[in-house]
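Engineer: Need a 3D model of the following:
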Amino acid sequence: MNTGLRLLILGVLAAIIASLGSALYYLTRSSTADPRRFARALTMRVGLSIALFILLMIAWYFGLITPHGLSPPGATPH
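Structural biologist: Predicted coordinates:
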């Protein structure tokens, strides 16, 4: 896998986790809880997750990544 693609995927995963963390922060702030900021953070997480899925599908389509799942029992490895 290309190093740039790997860094992009890891960066998007880090952004998803950061967005989830900020949503948790906005949820637990009791004094000045703002439901709009909480909803925006979760919307950002969903958008990033969909973008990552599309990125992975495009990378697979162009042969930049290849799936390597587990072989069924009795199958010979490639």
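Engineer: The helix or strand hosting residue 11: which residues count as buried?
Structural biologist: Applying DSSP states H and E as the criterion places residue 11 in helix 3-28. Across helix 3-28, burial judged by 16 or more other Cβ atoms under 10 Å covers 9, 12, 16, 19-20, 22-23, 26. Bear in mind the C-beta positions are built from the backbone N, C-alpha and C, glycine included.
Engineer: With pLDDT and distance to residue 51 as extra columns, can I get the residues you listed in CSV?
Structural biologist: Listed next are the buried residues of helix 3-28 as CSV, based on pLDDT from 0 to 100; distance: Cβ to Cβ, whole Å:
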residue, pLDDT, distance to residue 51
9, 92, 11
12, 95, 7
16, 94, 9
19, 92, 12
20, 92, 15
22, 88, 17
23, 85, 17
26, 82, 22
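Engineer: of all these, which two lie farthest apart?
Structural biologist: 9 and 26 (26.3 Å; Cβ to Cβ).
Engineer: next one: the helix or strand where residue 40 lies to chain centre, how far?
Structural biologist: Using DSSP H and E, residue 40 sits within helix 35-61. On the basis of Cα atoms, centre = their mean, to the nearest Å, helix 35-61 sits 7 Å off its chain's mean C-alpha point.
Engineer: now that helix and helix 3-28, what's the angle there?
Structural biologist: With axes from the mean of the first three to the mean of the last three Cα atoms, to 10 degrees applied, the angle from helix 35-61 to helix 3-28 works out at 160 degrees.
Engineer: For helix 35-61, which helices and strands make contact with it?
Structural biologist: helix 3-28 (3 or more Cβ pairs under 8 Å, 6 or more residues apart in numbering; DSSP states H and E).
Engineer: helix, strand or coil for residue 66?
Structural biologist: Classification of residue 66 by DSSP: H, G, I helix; E, B strand; the rest coil places it in coil.
Engineer: tell me the contacts of it?
Structural biologist: Shown in contact with residue 66 (Cβ atoms under 8 Å, 6 or more residues apart in numbering): residue 60.
Engineer: Residue 26 and residue 36 touch, don't they?
Structural biologist: No: contact between residue 26 and residue 36 fails when scored by Cβ atoms under 8 Å: they sit 9.1 Å apart.
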